[in-house]
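> Structure, please.
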Amino acid sequence: MDFYKQDGSNYTEINNVIDVESNASIDMLDLDNDGDKDFAVSGLNSSGNYTAQIYDDDGSGNFTLNGEVLTGASSGKINIVDKYNH
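Predicted coordinates for the structure are as follows:
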């Protein structure tokens with residue numbers, strides 16, 4: 001999966017760390033309460049396994065896998081909710 005950042009009327013690929021290649025579902029929310037949208041993505045990864053992963057935004061449009069990886073989920077839509085974020 002490729003991820004792009006909008007710069008005015010142009011789009012720039014920011015990084016390609018997302019290991020989901022097909023059947024993808026994505027949702028964005030500020031999970032760490034720093035003002036930047038983080039995201040969760042699920043789908044089939046490059047190894048042929050279903051996975052769900054959470055990525056944190058550093059504020060500059062760079063996303064890092066935060067260590068939360070769930071395996072085995074398939075054919076679903078991901079929706080994230082942070083009930084403690086105010």
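> Residue 56: neighbour count?
Neighbour count of residue 56, defined by other C-beta atoms under 10 Å: 20. (Glycine included, C-beta is placed from N, CA and C.)
> do the one 10 residues further on as well
Using other C-beta under 10 Å as the criterion, residue 66 is surrounded by 14 other residues.
> For residue 11, give its distance to residue 84.
33 Å (C-beta to C-beta, to the nearest Å).
> Those two: which is more packed in?
residue 11 (10 against 7).
> Any idea what the nearest residue to that one once chain neighbours are set aside is bridged to?
Closest residue to residue 11 apart from its sequence neighbours, by C-beta to C-beta, 6 or more residues apart in numbering: residue 4 at 4.3 Å. Residues in a beta bridge with residue 4, per DSSP bridges, are residue 13.
> my guess is residue 53 meets residue 25, correct?
No. The pair residue 53 / residue 25 is not scored as a contact, 11.5 Å apart, by C-beta atoms under 8 Å.
> intersection of neighbour lists for these two?
Common contacts of residue 53 and residue 25, defined by C-beta atoms under 8 Å, 6 or more residues apart in numbering, comprise 41-42.
> Between those two, which has more neighbouring residues?
Shown here are residue 53 and residue 25; by other C-beta under 10 Å, residue 53 has more neighbours (22 against 16).
> How many neighbouring residues does the closest residue to the more buried one other than its chain neighbours have?
Of all residues not flanking residue 53 in the chain, residue 69 sits nearest, at 5.2 Å (C-beta to C-beta, 6+ apart). Using other C-beta under 10 Å, residue 69 has 12 neighbouring residues.
> Distance-wise, check residue 69 relative to residue 42.
For residue 69, the distance to residue 42 - C-beta to C-beta - is 10 Å.
> who touches the residue nearest to residue 53 in this structure?
Per C-beta under 8 Å, 6+ apart, neighbours of residue 69: 51-53.
> do residue 43 as well
1, 20-25, 50-51.
> Repeat that for residue 57.
By C-beta under 8 Å, 6+ apart, the contact set of residue 57 is 34, 36-39, 63.
> same thing with residue 13?
Going by C-beta under 8 Å, 6+ apart, residue 13 touches 2-4.
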